[in-house]
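Novice: only geometry, no sequence info:
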């Protein structure tokens, strides 16, 4: 065993298509039904594109005419199986989180575009539909997250078999926490809680930091004991699912060594195998706030130095940013550029199946 998990870039264009794939075949049938359903409302709502599809449903893009006569985009999610109870359950969860900041929210259509009883209604007698705000582009303070499709409320009164079935083999394999991977852990007392969210935060921090994700079916991705230095200066052998970030120098991936030890260690602790080895929410918040403030001071000092340099050379320009390495100074302009290029105006995503729908 190489002990070196495989990583792959998050931002990649996958143009491989298989028109005979059963998932695509189901999505194509779902698209046909959805377009047929909305046909009577075509003056006010029009199909534009398929945004994506999976094993349970498809999401499509529809411009809707507002009262002013202007069109506004919404995303519509339709299940492959109109009797899918999990799909109706997803509507219930989205209703429950209707005021939660940074969650994709349900959208309300004008009454002339569609009867409100026919969508975002878990008790609808017709085919279930989810109409959502479209968040392809967002501002720095409007980042929206959340996918509640497989969410379930854990019941301590369940049988052992029900507990295991509810949390194992569910979700994206490269994002589930360790307590979901081991069939015995769901039976532990307090198996799930804030520590489970900490795992997810750590993995997302890793994704944002490196623009890589782990290949979930790689047998070499497993927790490993790595020597780290804790915030209080003490030494610890941390069993973590991020061995490519910390530990023995020769096992840390070269492309990550340029990042600071403190940041890599924090992420590795969030991705610790045992919940008690992960930092608490308050420590995570305090550490993040402290380091953002320190970075702001460094950025301000660097900007002052740059302004002094320009006084002697008015035509001097800053050099290009080397995107392959973390910047020495992460100033506000660089953060805004990241959000603009990856969130506000992200790389265009073509539909590899556009000729097969």
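Specialist: Okay, I see it. Bear in mind that the values here come from a model prediction, so they are computed numbers and not experimental data.
Novice: Please make it C-alpha for all contacts and neighbour counts, starting now.
Specialist: Will do.
Novice: which stretches of the stretch 1-150 of the chain form helices?
Specialist: With DSSP state H, counting those that start in this stretch, the ranges of helices along the stretch 1-150 of the chain come out as 22-38, 85-96.
Novice: The nearest residue to residue 129 once chain neighbours are set aside - how many residues pack around it?
Specialist: In space, residue 129 comes closest to residue 119 once its chain neighbours are excluded; the distance is 4.8 Å by Cα to Cα, 6 or more residues apart in numbering. Residues within reach of residue 119, counting by other Cα atoms under 10 Å, total 22.
Novice: Could you measure from residue 119 over to residue 187?
Specialist: The gap separating residue 119 from residue 187 is 37 Å, by Cα to Cα, to the nearest Å.
Novice: Residue 77 now?
Specialist: For residue 77 relative to residue 187 (Cα to Cα), the value is 34 Å.
Novice: what do you get for residue 204?
Specialist: Plainly put, residue 204 is 26 Å away from residue 187 if you go by Cα to Cα.
Novice: Could you list the low-pLDDT ranges of the chain?
Specialist: 1-15, 102, 136-150, 169, 171, 215-220, 320-325, 342-343, 346-349 (pLDDT under 70).
Novice: Can you give me the domain assignment for it?
Specialist: As recorded under automatic domain parsing, the domains making up the chain are 13-133, 172-279, 294-317+325-344.
Novice: Rebuild those as TSV, extending it with distance to residue 351.
Specialist: Formatted as TSV, the domains of the chain follow (distance: least, Cα to Cα, whole Å):
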stretch	distance to residue 351
domain 13-133	8
domain 172-279	22
domain 294-317+325-344	18
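Novice: same for the longest helix seen in the chain, what does it pack against?
Specialist: As assigned by DSSP state H, the longest helix anywhere in the chain is helix 281-312. Contacting helix 281-312 under the criterion 3 or more Cα pairs under 8 Å, 6 or more residues apart in numbering; DSSP states H and E is no other helix or strand.
Novice: any chance you could map the helices in the stretch 151-300 of the chain?
Specialist: Counting by DSSP H, counting those that start in this stretch, the helices of the stretch 151-300 of the chain are 160-167, 178-181, 194-210, 261-270, 281-312.
Novice: List the buried residues in the longest one.
Specialist: Going by neighbour count (16 or more other Cα atoms under 10 Å), the buried part of helix 281-312 is 284, 287, 295, 296, 298, 299, 302.
Novice: Tell me what angle that helix forms with helix 261-270.
Specialist: Orientation check (axes from the mean of the first three to the mean of the last three Cα atoms, to 10 degrees): helix 281-312 against helix 261-270 gives 150 degrees.
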